[in-house]
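A.B. asks: Let me see the structure of the following:
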Amino acid sequence: MFVALWNGCKELLNQVKKSVKQWTKPATVTLAVSAINDLSKSKADLIVENAMLRQQLIVLKLSVKQPKFTNSDRVRLTLLARLTKYWQSAPHIVQPDTVLPWHRDMFKRYWRRKSQSKNREPRTPLATISLIKQMARENLLWGAEEIHGELLKLGIEVSKSTIQKYIDRVRQSSAGGQAWSTFLKNHALEIWACDFTVVHDLFFRPIYIFIVIKHGNRQIMHIAETRHPTDAWVAQQLREATSWNCKPRFLIRDNDKKYGQQFSAVASSSGIKVLRTPLAAPRANPICERFIGSLRRECLDHFIIFSSSQLKRIISQYATYHNDQRPHQLPPFLTMNSLFSDIRPSTSST
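C.D. replies: The predicted structure follows:
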């Protein structure tokens, strides 16, 4: 009985404390209650609280939709919060629990800056660092152990951890292999690319255009159109593009679902390695994307398409013009022999 009475009294006291705390908050009380509450504060506390409120008003004026605090704003509010014991009642656009992590972050930055060495120069001589980087660059199979042994032969004593640090700096850029642009440049004569683009006829029905282009000389190897681009149709277009016993080593395509199992089977049986570009990366297939842009700007944007046969005639004529008459800016590493090595007329199919 006594325990139950004591628990009831404690709950009543807690409710009274919550009510008093709620009524003493500056954001919810009336002006008279706020003035009475400020009488118990010292002049210094009132000045600091006023400064914090002014700083929050500055942030609100500089913000459009949501208050955005800069590093200087966080520093000012944190420093002002340390000058009064009533700081928790001053913030209105942020929670008091948000100010505390700001102070901890300032503390970390302060000690990080203070613990930095004033002498920024490395302890290892610059000539030794340059020699380590040169060895790591010219001997890719050497590790820290081999370079450490070679340096000892020269009378240079450096720890293996120091050598490993500079080896990582030299080799980190080439750890993932050659870049995609480097691959396209080195194998331009062995790469074809294919892609789809879509146009709409007079009644807004889509017609798909399939393009196969050679990277080396920008030649259109095959172009065709259809209203229903199935897997079997796309596989047949690849057969026609390679029917002259002319095939690439690599074929670049995107992740379109039109390239199905039959397309992959035709490419595999022809000895073609299909390379899929990443998602939402048009720059991975730049030659094909550039040609599609030229096809639209120079040709398709000036016609109203009435039928598939009309579109077939238009794109066939443009492909002939592109291969025989239109000038191209070829890469400097291509020669005239490679340019005209396997020029042949383009084919098309519906």
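A.B. asks: got the buried residues for stretch 286-293?
C.D. replies: Neighbour counts over stretch 286-293 (16 or more other CB atoms under 10 Å) mark 287, 288, 289, 291, 292 as buried. (Glycine included, C-beta is placed from N, CA and C.)
A.B. asks: Tell me which other helices or strands the helix or strand harbouring the second one touches.
C.D. replies: Looking back up the chat, that one is residue 288. Counting by DSSP states H and E, the element that carries residue 288 is helix 286-298. Packing partners of helix 286-298 (3 or more CB pairs under 8 Å, 6 or more residues apart in numbering; DSSP states H and E): strand 191-200, strand 206-214, helix 308-324.
A.B. asks: Need those in CSV (columns: distance to residue 223, mean pLDDT and mean neighbour count).
C.D. replies: CSV is the format used below for these (distance: least, CB to CB, whole Å; pLDDT from 0 to 100; neighbours: other CB atoms under 10 Å):
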stretch, distance to residue 223, mean pLDDT, mean neighbour count
strand 191-200, 10, 95, 20
strand 206-214, 5, 96, 21
helix 308-324, 5, 95, 17
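A.B. asks: so which of those comes closest to residue 281?
C.D. replies: strand 191-200 (12.6 Å; CB to CB).
A.B. asks: which residues are contacting that closest one?
C.D. replies: If you take CB atoms under 8 Å, 6 or more residues apart in numbering as the criterion, strand 191-200 is touched by 184, 206-216, 221, 229, 238, 241, 248-254, 256, 258, 285, 287-289, 292, 295-296, 300, 305, 311.
A.B. asks: 7 Å instead?
C.D. replies: 184, 206-215, 221, 229, 248, 250-254, 256, 258, 285, 287-288, 292, 300, 305, 311 (CB atoms under 7 Å, 6 or more residues apart in numbering).
A.B. asks: now swap in stretch 204-213 and tell me
C.D. replies: Against stretch 204-213 from outside (CB under 7 Å, 6+ apart): 192-201, 219-227, 229, 234, 237, 241, 287-288, 291-292, 305, 308, 311, 315.
A.B. asks: which residues of the stretch 151-300 of the chain score low on pLDDT?
C.D. replies: Residue ranges of the stretch 151-300 of the chain with pLDDT under 70: 172-177.
A.B. asks: hmm, 50 instead?
C.D. replies: Where the stretch 151-300 of the chain drops to pLDDT under 50, the residues are 175.
A.B. asks: And the strands in it?
C.D. replies: 191-200, 206-214, 220-226, 250-253, 273-276 (DSSP state E, counting those that start in this stretch).
A.B. asks: Those strands into CSV, with extra columns for distance to residue 163?
C.D. replies: Formatted as CSV, the strands of the stretch 151-300 of the chain follow (distance: least, CB to CB, whole Å):
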stretch, distance to residue 163
strand 191-200, 39
strand 206-214, 46
strand 220-226, 51
strand 250-253, 38
strand 273-276, 37
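A.B. asks: Among those strands, which comes closest to residue 9?
C.D. replies: Here strand 273-276 is closest among the strands of the stretch 151-300 of the chain (CB to CB), at 73.4 Å.
A.B. asks: Restrict that closest one to CA atoms and write it as CSV.
C.D. replies: Only the C-alpha atoms of strand 273-276 are listed here, as CSV (Å, rounded to 0.1, in the frame of the first residue of the first chain):
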residue,chain,number,x,y,z
LYS,A,273,33.6,-10.7,-78.2
VAL,A,274,30.6,-8.6,-77.1
LEU,A,275,31.4,-5.8,-74.7
ARG,A,276,28.5,-4.3,-72.8
